[in-house]
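Novice: when you get a sec, could you give me coordinates for this:
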Amino acid sequence: MEYVTALPHPRTEASETAGPSNNSRRSLGVALFLGAVGAAVALLASRQEWCSGVAAVAGGKLPLAAKGSDVTGVPAALAIVGLAALVAVFAVRKAGRILVAALLALSGAGAVAAAVLGAGDSSALDEKAAAASGNSASTIDALTHTAWPYVAAGGGALILIAGILAVVYGAAWPSMGGRYERGGAPRPRQQKAVDPDRPEELWKALDRGEDPTGAA
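Specialist: Sure, this is the predicted structure:
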């Protein structure tokens, strides 16, 4: 009676090894995309009109409007911080990467909170009304708000998600200068052997400061 030994499927080990690598590459791409888009959205929304109203002045009514940067500069500032943190994730490793990833997530959370709080803020318009009328007690009438603050909050949410991905999967992401990791230093450049039968090679070796004879 012949016995047939079952051999393991050749793709089993490869698939198990490729699984975490594929997940890390996928999470890296998603984090980069969400972080970059979130920062761009938050910066764009901060430049748009967030609220408007009418101020009473000596000549009648004066329409006024305030951009997001007039209401609060926090979402735009945190978007820039988050973008810098997203790049810095690849420059650090181990505990440093976790700290930078946490900063990325906190930047997104702070941008969301600042944008939501600024959605109902009318202090910027009140200041413009006081400057236009010359009366510090002047306020805004017919106050209206746009959806741009919530767009900025959405951008902050994307940065937050990118930060969470960096915290969870960042340890498996590549880092800058990875070629120095194996031996701790770059590999020494190997010198080519000089052919003694070719005089031009001897002169080139002398120009490079090398010993054409190969003596130590």
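Novice: C-alpha only now, for contacts and for neighbours.
Specialist: Will do.
Novice: any idea what residue 57 is bridged to?
Specialist: Note on residue 57: beta-bridge partners residue 60, judged by DSSP bridges.
Novice: which stretches in the chain count as strands?
Specialist: Secondary structure of the chain (DSSP state E): strands at 49-57, 60-67, 140-145.
Novice: and these, which one is worst for confidence?
Specialist: Least confident of the strands of the chain, judged by mean pLDDT, is strand 140-145 with a mean of 82.
Novice: now it and strand 49-57, what's the angle there?
Specialist: An angle of 170 degrees separates the directions of strand 140-145 and strand 49-57 when computed by axes from the mean of the first three to the mean of the last three CA atoms, to 10 degrees.
Novice: which ones are touching residue 100?
Specialist: Residues in contact with residue 100 (CA atoms under 8 Å, 6 or more residues apart in numbering) are 85, 86, 88, 89.
Novice: same thing with residue 36?
Specialist: Taking CA under 8 Å, 6+ apart as the definition of contact, the neighbours of residue 36 are 83, 159.
Novice: if we can go back for a sec, among the contacts of residue 100, which ones are in helices?
Specialist: When the contacts of residue 100 are checked against helices (DSSP state H), the matches are 85, 86, 88.
Novice: for the first one, grab the count of nearby residues.
Specialist: Other residues near residue 85 number 23, with proximity taken as other CA atoms under 10 Å.
Novice: next one: it relative to residue 119, how far apart?
Specialist: Taking CA to CA, to the nearest Å as the criterion, residue 85 is separated from residue 119 by 26 Å.
Novice: what do you get for the second one?
Specialist: Per CA to CA, residue 86 is found 27 Å from residue 119.
Novice: and the last one, by the same measure?
Specialist: Relative to residue 119, residue 88 is positioned 31 Å away (CA to CA).
Novice: do a quick rundown of the helices in this protein.
Specialist: Per DSSP H, the chain carries helices over the ranges 10-46, 68-71, 74-88, 95-118, 123-133, 148-169, 199-207.
Novice: ok, of these, where does mean pLDDT dip lowest?
Specialist: Of all these, helix 199-207 has the smallest average pLDDT, which comes to a mean of 66.
Novice: which of the helices of the chain sits closest to residue 61?
Specialist: Across the helices of the chain, residue 61 has its closest neighbour in helix 123-133 (10.0 Å, CA to CA).
Novice: give me the buried positions along the closest one.
Specialist: 124, 125, 126, 127, 128, 129, 130, 132, 133 (16 or more other CA atoms under 10 Å).
Novice: do the same with stretch 145-161
Specialist: Under the neighbour-count criterion of 16+ other CA under 10 Å, stretch 145-161 has 145, 148-161 buried.
Novice: picking up where we left off before, which of the strands of the chain sits most buried?
Specialist: Most buried of the strands of the chain, by mean neighbour count (mean count of other CA atoms under 10 Å): strand 49-57, with a mean of 21.
Novice: distance between that strand and the chain's centre?
Specialist: For strand 49-57, the separation from the chain centroid amounts to 35 Å (computed by CA atoms, centre = their mean, to the nearest Å).
Novice: what packs against it?
Specialist: strand 60-67, helix 68-71, helix 123-133, strand 140-145, helix 148-169 (3 or more CA pairs under 8 Å, 6 or more residues apart in numbering; DSSP states H and E).
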